[in-house]
Every structure is written in structure tokens, then in C-alpha cells.
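J.: What would the 3D arrangement of this be:
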Amino acid sequence: MPKFLLKRWHGMHIVWIFALLAALTLILFIYQWVIALIALILCCVLGYYTLKAEQAFRKDLNRYVATLSHRVKRAGSEVIHGLPFGIVLYNEEKIIEWHNPFVAHMLGEDSLIGKSLFELFPALKNRKEKELKLEMAMNNNIYEVQINPEERLLYLTDITQLKSLQLRYDEEKLALGIVMLDNLDEATQGLDDQTRSIMMAKVTGEITEWAQKHNVYLRRTASDRYLVLMDQKGLKALEQSRFEILDDVRDITIEHKLPLTLSIGIASGTSSITELGHWAQTSLDMALGRGGDQAAVKVGERLSFYGGRSNALEKRTRVRARVISHALRDLIKDCDKVIIMGHKYPDMDAIGAAIGVLKMAHVSNKEGYIVLEGVNPSIQKLMEMIYEDETLNRWFITPEQALQITNSRSLAVVVDTHRAVMTPEPRLLQMTQRKVVVDHHRRSEDFIQDATLVYMEPYASSTCELVTELLQYFHERLTMGILDATALLAGIVVDTKSFSLRTGARTFEAASFLRRNGADSLLIQQLLKEDLEYFIQKAEVIKNAVVIFDHIALAVNEPGRKYSQLLIAQVADTLLTMTGIMASFVISERPDGLIGISARSLGQMNVQLVMERMGGGGHLTNAATQIEGTVAEATQRLKQVLSEIHAEEGLFE
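T.: Model prediction:
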């Protein structure tokens, strides 16, 4: 306790004694005035002493307070000058008025007063008005800047070490993957043991060398499957190399006529090992669903694809088709009705496949309905024939009618698409618990969730081909009407461009089955005829075509002239027949106000990758998208995407 406070404590006792004597003096004046006079003198002496003590106390108190203020001020100054972060005060003209030593040391100068804030900290120029916290790099360090605009005050904190630790943490995150030889049985079928062993040794050696090169842990779990573990840094290196192992494995086995290809699924971005394994398997399924020979990488919400430059190999075995057909038959028998949907504004392939599934439902003595919204001009003639056929027309319903009759026991079958947003009525998929997807397109990210049965084969020419194979195993004594078989065959003819593109042995076998069941090829020719005015419209677009990147035909329609997506696609098909053209792109306004882009290739270029970057999708040789904006903006964006792909890995194989 300070001495002056101790004196104050003694003085308070004297005051109490003085008060007590004063009271006694008053009493003594009544009885003994002599004694009272003596007591009065004593009271005066005590009063004088008390006054002097109070004055001394106040003087000592003022001295103590002055000393304490000085110490506090000095300590505050030392604290501000020794803070481990910077403080900057600036005026309305953004000129520095004061700063603590940390800022001067940070910039390597003695004083920054009078200098421009933006000149010293350029990162502040581009900040948004409401952005009160940002990061900037200066002199190999990273600083976090907090802004107090009301006080015109900056706080600068060195977060270099924190960022370094965060980067190290991110780089050391676990990434799990699965590498699969997606056509091992097909590639080795018919090979003798010696040739098979040599080929497998080459492939295994190439994969092992790739893993060692990129510091990847590799563990073989089956004859055609490997488990890989790596950190985030290794995964980034693999993505930068664009998974060259895909091309290496394909190249070393190409001498066997049917080269082996890899499919890779990798996942990262979660601390749960269980969830990581699930994501890795989902990524692999995505790669396989897109035709194989590619890598699918899922990091958090990001899903990236690499490779996919070769076409999917046709499978020579029909075991999967038979298994899927029997499973679909059991599902149909166990439901109360079958709701069949293609994509919006269906083409010949979607309608033909839907009619094929409708036949399966009727053979199983179940009600089947095809949901149709809007008629594509390309199927107008077929729909007119269907409307005249009373037995078939009654099973076509609108989305509103479908919503009224669908329940949880209904079976929803989606053909020629696997994206819910592409169907005429996505709510139907939520109303039923069982869903089936039959499609020949490469799998995209927004796949229909919780599908009970999925039959996706990117090697197939069309969905009609897949449905025809299912019909062959669906019932032993299946009979088809002429219109049913013709619609299925027409879908195959249209998607293969009269059997000139994407055809395999199974395509012709499916066509033969349909011909045996009454498909009329002459009727197909009538369905596919076009009038003279329509042909002239296509010619108007074709005349605007130019050649870019030596082998790509690009036709951009004149602004203001609108054409249907069908015509745009047919122009792209026509351009592909020109000499020296390996891929074609057609851009035009559509009647709905969107900009339509159709892309085609002969297989040397994966136009699906191009359209996916434009917001669309499709197949390796057949893809499209619809975007908002103008024709000029779409053209510029397409050229930019083509330039990026060309710089990354080349446009053609």
C-alpha cells in the first residue's frame, strides 16, 4: 500500500477522535466549563492537525497520479511500438499520417509518413467498397489487411507462417483412387497365355513406373484393378500431366488390334475415409459411364475429366444385355404401370426407344405410357402415323396426365438421356421409388439419382440399339408390329447416319432382328424425307462456313435468322462430309431465343469435351449445347475453348 494511503488511513482515525472530543466538549460546557475549555483547545489542535494531514494527502495523491499517468502513457507507447502487427493512420486523400515501427520494418524504410497509401499497398486499389478484409503479398510475405474506413485505420498482420502451414496441410490431404483396366476380358479374349502374359507385364510395368514417378502408392487388388493413394500435391501433379498414363497404356498395347484402356476414379477433399472411398468409386463409375479411357477426379464439389479421346470399344459379349433385360422384366412385373420418358422435344432415337420399352410393358401385361411434351419437327411424320394408329396412340400422354396417374409403385423408365432436367417432367422421378435409365450418351455429372437399374453403353450407336438387344432377351416369343419395329430401326438409321458412323457388329445384328420382325426400310425413307424449302435453309447456313485449325468447319448463322436445333444439327452433319473436315460446329439463334451450337466429329476429336466447357454435353462424336447471349459472343467463346484445348493437349489424336 502506498505511504500516502497509509497516512490517509491514520488521518481518518484522527477525524473520528476529533468528532468524539467535540461531542464531549459540548456536554462538558453544560456541567464543567473549565474542563470543556481545555477540551476545546485540544479540539482546535486536532482540527489543525487534521487539516494539514488532508492537505498533505492531496499533494501526495496528485504526485502519485501524475507519476502513474506517465508510466501508463510510456507503457502504452512501448506497447504500440512493439506490437507484432502494423497500424497505419491515413487521411481523406489516402496519405499516411502515422504508422508504428512494424510497418516501416515491413517495407524496409525509416518513415512512410506523407506517402500515398495506394503507392505502398497497390492491392488496396482494386478492393471493393464493402470488402474490409483482404490478403496481399509483399516482399515474399503474405499479410492480412483489416480496414476501418470510419477511423481511416489499417491493421496489417503477417500470416506467412499460417499460410505456409495451411498450404502444407492442403498438400498433405489424402487422395484415394481406383485404376481399372476397363476392357481386359475383351482385349485378351482369344490370346494365348504367352501373349497375354507379355501384354499384362507391359501394362503392369507401365502403371508401376507411372506410380513411382509421381510418388503414388499402388496396390493391386484384382487382375484388372489397382488401389492408389497419394497426397494432394501428387494429385495436382497428375492433373497437370493430364494423366498421360492413359495414352501410354493405349499406345503400348495397340499392336494387338484391340488395345487396353484405363479408367481412373480419384477422390479428395474430405477427411472421412469412408466417404473418400465412396467418392472414388463414384468417380470411376462416372469415367466408365462416359466410355472409359479417361480419368474422373472429384475434389470437393469439383469434378474434372481427363482423357476420353478414344471411342468406347464395343463389347462382344451380350451377357450384360441379357442380365439387364431379365432384371427389367422383373421390375416391370412388380409394378402397377410403366411411365416412359425420353428427353424434351424427343428425336427419332428417343421415340423409337420409348416405343420399344412400351412393347416390353405390354408383353408383361402391364399398362405403359409414353410422356410426350412438344413434337420435334424431325419426328412429325412418324407422330402423324402414330396418331392414326389407335392401338399405339392411346398410350401417349402429356406430363400433366402423367402426374395424375403416377404413384410410388409405378416404374419410371428414362431413355436416351440420363439427366433429370432433360426429361419432360422431372417431378415424375420423385413420385416413384423405382427408376430405370437406358442411354448411349457419355455419363455427365448431374446423373439421375438413386436409379434402380442403369444400362448405359457409350459404345452403342443409339438407345434404340440398346432397347432392341433388351427386347431379344425379354420374351421368348416376342412379336412386334410393323410400326414398332420401324420406329426402332429408324432411330438406329438416324443416329448412325444410315449406318455410316458409330456402327459395330451389334448395330447390324440389332437391325437384322428388327427387319425380321417387320421393320419397313422403305417406310423409313419416307419418314426421313425433307422438303425443298428446308434443304435451302440448310444451304443458307452452310454457305457461311469457314475452316479453322485446318480441319474444323465452323458455320455461324447471320444474326436475326432463327433455325431449329434439328436444322443446326443436320448442317453440322453435312459439313462433316466435306473433304479434309474432321469436326464441325454450327452456331445459330433458335426460335426460343437461345443460341444453339451443334458439334460433330469423325472420332479423332472429342466434341463432348468442347461442349461440356460450353455448358452442354453429348457423345464423343455428337454433342450440343444451348446458351444465352448473342451469336457473336457464342462464337468468341467457342473459339476460346478450342484454343484452350488445343494448347492443353491438341485437338486431334
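J.: From now on I want contacts and neighbour counts done on CA atoms only, so please keep to that.
T.: Noted.
J.: per-domain residue ranges of the chain.
T.: 3-81, 86-163, 172-307, 319-527, 537-649 (automatic domain parsing).
J.: I'd like these written out as TSV, with mean neighbour count and mean pLDDT added.
T.: Formatted as TSV, the domains of the chain follow (neighbours: other Cα atoms under 10 Å; pLDDT from 0 to 100):
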stretch	mean neighbour count	mean pLDDT
domain 3-81	14	61
domain 86-163	15	82
domain 172-307	18	85
domain 319-527	19	89
domain 537-649	19	88
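J.: Now do the helices in the stretch 151-300 of the chain.
T.: For the stretch 151-300 of the chain, the helices defined by DSSP state H, counting those that start in this stretch cover 160-171, 184-188, 193-213, 232-240, 245-252, 273-289.
J.: nearest to residue 642, of those helices?
T.: helix 232-240 (18.5 Å; Cα to Cα).
J.: ok, and what's touching that closest one?
T.: The contact list for helix 232-240 (Cα atoms under 8 Å, 6 or more residues apart in numbering) reads 170, 171, 172, 173, 174, 175, 214, 215, 216, 268, 306.
J.: where's the second one relative to residue 448, distance?
T.: Yep, that's residue 171 we're talking about. Going from residue 171 to residue 448 by Cα to Cα, to the nearest Å gives 33 Å.
J.: Next, give phi and psi for the residue nearest in space to the middle of the chain.
T.: Nearest to the mean C-alpha position of the chain, counting by Cα atoms, centre = their mean, stands residue 302 at 3.9 Å. In terms of degrees, to the nearest 10, the main-chain angles of residue 302 are phi -80, psi 130.
J.: try residue 559
T.: Per-residue torsions, residue 559: phi -60, psi 140 (degrees, to the nearest 10).
J.: Isn't it up against residue 631?
T.: Yes: with contact defined as Cα atoms under 8 Å, residue 559 counts as touching residue 631 (6.5 Å).
J.: what's the overlap in contacts for these two?
T.: Joint contacts of residue 559 and residue 631 (Cα under 8 Å, 6+ apart) are 588, 589.
J.: before we move on, the earlier item: looking at the helices of the stretch 151-300 of the chain, which is closest to residue 84?
T.: Nearest of those to residue 84, taken as Cα to Cα: helix 160-171 at 13.2 Å.
J.: How far away from the center of its chain is stretch 174-181?
T.: Stretch 174-181 has its C-alpha centroid displaced from the chain centroid by 19 Å (Cα atoms, centre = their mean, to the nearest Å).
J.: Kindly report the same for stretch 408-425.
T.: How far stretch 408-425 lies from its chain's middle: 22 Å, per Cα atoms, centre = their mean.
J.: Repeat that for stretch 373-386.
T.: From the chain centre to the centre of stretch 373-386 is a distance of 36 Å (Cα atoms, centre = their mean).
J.: What lies in contact with that stretch?
T.: Here stretch 373-386 has contacts from 344-348, 392-393, 398-399, 424, 487, 527-528, 566, using Cα under 8 Å, 6+ apart.
J.: For it, list the C-alpha coordinates in CSV.
T.: Only the C-alpha atoms of stretch 373-386 are listed here, as CSV (Å, rounded to 0.1, in the frame of the first residue of the first chain):
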residue,chain,number,x,y,z
GLU,A,373,-44.2,-32.7,-74.5
GLY,A,374,-43.8,-30.9,-77.8
VAL,A,375,-43.1,-32.6,-81.1
ASN,A,376,-39.7,-32.3,-82.8
PRO,A,377,-40.1,-31.5,-86.5
SER,A,378,-37.8,-34.4,-87.3
ILE,A,379,-40.4,-36.9,-86.0
GLN,A,380,-43.5,-35.1,-87.3
LYS,A,381,-44.2,-37.7,-90.0
LEU,A,382,-43.7,-40.6,-87.5
MET,A,383,-46.1,-38.9,-85.0
GLU,A,384,-48.7,-38.5,-87.7
MET,A,385,-48.5,-42.2,-88.3
ILE,A,386,-48.8,-42.9,-84.6
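J.: what's the closest non-adjacent residue to residue 515?
T.: Excluding the flanking residues, the one nearest residue 515 by Cα to Cα, 6 or more residues apart in numbering is residue 485, at 7.5 Å.
J.: Need the max-distance pair from the contacts of stretch 373-386.
T.: The widest separation within these (Cα to Cα) is 27.3 Å, between 399 and 528.
J.: Helix, strand or coil: sort out the nearest residue to residue 393 once chain neighbours are set aside for me.
T.: Once flanking residues are discounted, residue 393 sits nearest to residue 387: 5.1 Å by Cα to Cα, 6+ apart. Under DSSP: H, G, I helix; E, B strand; the rest coil, residue 387 falls in the helix class.
J.: surely residue 387 meets residue 396?
T.: No: applying Cα under 8 Å as the test, residue 387 and residue 396 come out as separate, 9.2 Å apart.
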